[in-house]
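A.B. asks: Quick one, what's the 3D model for this:
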Amino acid sequence: MSFIKYEYININEYSRPGIRNNGIDGIVMHYTANKGGTARNHKNYFNNLKGNYASAQLFVDDIEALCIIPLNEVAYHANEISKYNADGSRYRPLYSKIGNANYSTIGVEMCLDKNGNITEKTFQNTVKAVKELIAKYPNITRNKIWRHYDVTGKNCPAPWVAKPSELERFKDAVFGKTSGSNSAAKPSTPSAKPSTNKIQEDGMFGPSTANKAMKYEGITPDDEISHQYRQACNKNLYAAQFDNTLKGSTLIRTWQKRLKAKGLYNGAIDGLCGTEMIKAMQRALKTTVDGFISPVSNMVKALQVALNNNKLPW
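C.D. replies: A predicted model of the protein is given here:
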């Protein structure tokens, strides 16, 4: 029996535009910042919203979890990343298929009690609701649950920004007792030895390779070796497809600079992992140069070996 109640608001310009999203890649956690407002109060508010673009799919309080916008539709909860680091890179970049998290994530709002707190009952009800969402979207792993703060830099949910361990406690509650791929996503511990942190050398350009590469370069791991192309996976077929609406990743930009210095790459320093960048990596790794990442790529395998040996050829 579903814990989430699906009670949709009317389609309207400001809160439910009725636009299909591009598939769900993750969950963004929010708080309502409205003392004493229940999930049902918020449903009624967004059902008649005018003059301000805002909403989320799910609202949770001490009693219930209400889904007020279909999960396959856009909600206005986490717009394009607006905060940048000093070097010009995006602040904790969130993978999004069109550069806007509204089109690829589910927004979950936790309601506050009259004192402005997220109660433990609301916390646990949110755990229950998110577990139910993950059953629908098993691609959502521990690393694909973010705070609103992690997406745009907004102070939301404020209690979790002030105390980041609450997000980790939440993830532990959601994934700690599940089985399968999600339960395998455990945070690394300071006591872990480098030799135990090797990735499988399988030639697949997936999250483990991405995270290993970002750790190697001192970048926060987030499962995507490049946010700028879509890694469409259909059974064993991996296809690199450009999306020119997106900005380049810090990881790929770093590698482009090094490869250009070695005379192996002649393209733009744009952070985009396109054909010329792939060819440059293939030249450096001394594999077949065709600009294509196959289902089990010799280039990716060579990259994995280099990362495991902590020695990239650029």
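A.B. asks: What count of nearby residues applies to residue 249?
C.D. replies: Using other Cβ atoms under 10 Å, residue 249 has 27 neighbouring residues. C-beta: built from backbone N, CA, C; applies to glycine.
A.B. asks: What segments of the protein are strands?
C.D. replies: Counting by DSSP state E, residue ranges of the strands within the chain are 4-6, 26-35, 58-60, 65-67, 105-112, 145-147, 229-234, 237-242.
A.B. asks: Which among the ones you listed is found nearest to residue 157?
C.D. replies: In terms of Cβ to Cβ, the element of those nearest to residue 157 is strand 26-35, at 3.5 Å.
A.B. asks: what angle do the longest helix seen in the chain and strand 105-112 make?
C.D. replies: Counting by DSSP state H, the longest helix found in the chain is helix 120-136. Counting by axes from the mean of the first three to the mean of the last three Cα atoms, to 10 degrees, helix 120-136 lies at 160 degrees to strand 105-112.
A.B. asks: If we go by neighbour counts, what in helix 120-136 is buried?
C.D. replies: The neighbour-count criterion (16 or more other Cβ atoms under 10 Å) identifies 122, 123, 125, 126, 127, 129, 130, 131, 133, 134 as the buried residues of helix 120-136.
A.B. asks: thought the last one was touching residue 140?
C.D. replies: Yes - here residue 134 lies in contact with residue 140, judged by Cβ atoms under 8 Å, at a distance of 5.2 Å.
A.B. asks: Can you list the helices and strands that the longest helix of the chain packs against?
C.D. replies: Helix 120-136 sits against strand 4-6, strand 26-35, strand 58-60, strand 65-67, strand 105-112, helix 165-175, with contacts defined as 3 or more Cβ pairs under 8 Å, 6 or more residues apart in numbering; DSSP states H and E.
A.B. asks: For the fifth one, which strands pair with it and how are they oriented?
C.D. replies: Sheet partners assigned to strand 105-112 using DSSP bridges are listed as strand 26-35 (parallel), strand 58-60 (parallel).
A.B. asks: contacts for the shortest one?
C.D. replies: Put plainly, it is strand 58-60. With Cβ atoms under 8 Å, 6 or more residues apart in numbering as the test, strand 58-60 has contacts from 4, 32, 39, 42-43, 65-68, 106-111, 122, 125-126, 129, 133.
A.B. asks: Same question for the longest one.
C.D. replies: Contacting residues not belonging to strand 26-35 are listed as 41-42, 56, 59, 77-78, 94-95, 101, 104-116, 118, 126, 130, 133, 140, 144-148, 151, 156-160, 167, 170 [Cβ under 8 Å, 6+ apart].
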